[in-house]
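give me a model of this one.
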Amino acid sequence: MPEIVASLSEIPDGGSIRRPFAGREVALFRKGDVVHAIDAQCPHRGGPLDGGDLEDDCVVVCPWHGWRFDIRTGKSPTHPGQVRCYKVTVADGKVAIAE
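Sure thing, here's the model as predicted:
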């Protein structure tokens, strides 16, 4: 069942925030009215993906070692491995995620 984790206005357009969900930390990324959610920690060394730069092609760059992950799929275009993605719904200005 989806859980409301933020309001859309809390997430800067082109930016991200971190929120707890189901015992994990999740990074929420916003591009306009579209929000994507992935695990907040890089699998390489645990870097904070919510603190990384979001490139125009929907790829976040880990600020610690530069690993890159597509926020739509969780896959890395440059490294082995990936991060978990979550289903996101936005309704009435509220952002909800589900596994």
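
and the helix or strand Arg19 falls within, what's buried?
Using DSSP states H and E, Arg19 sits in strand 16-21. If you call a residue buried by 16 or more other CB atoms under 10 Å, then strand 16-21 has these buried ones: Ser16, Ile17, Arg18, Arg19, Phe21. Quick note: C-beta positions are derived from backbone N, CA and C, even for glycine.

and the helix or strand just after it, how far from the chain's centre?
Where DSSP H and E defines the elements, the next helix or strand beyond strand 16-21 is strand 24-31. Put simply, strand 24-31 sits 3 Å off its chain's centre (CA atoms, centre = their mean, to the nearest Å).

what's strand 24-31 packed up against?
strand 3-7, strand 16-21, strand 34-39, strand 94-98 (3 or more CB pairs under 8 Å, 6 or more residues apart in numbering; DSSP states H and E).

of those, which is nearest Gly52?
strand 16-21 (7.9 Å; CB to CB).

can I get the closest one in CSV? Just the C-alpha atoms.
These are the backbone C-alpha positions of strand 16-21, laid out as CSV (Å, rounded to 0.1, in the frame of the first residue of the first chain):
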residue,chain,number,x,y,z
SER,A,16,16.0,15.8,-4.1
ILE,A,17,15.2,15.0,-0.5
ARG,A,18,15.7,11.9,1.7
ARG,A,19,12.8,10.2,3.5
PRO,A,20,12.4,7.1,5.6
PHE,A,21,10.3,4.3,4.1
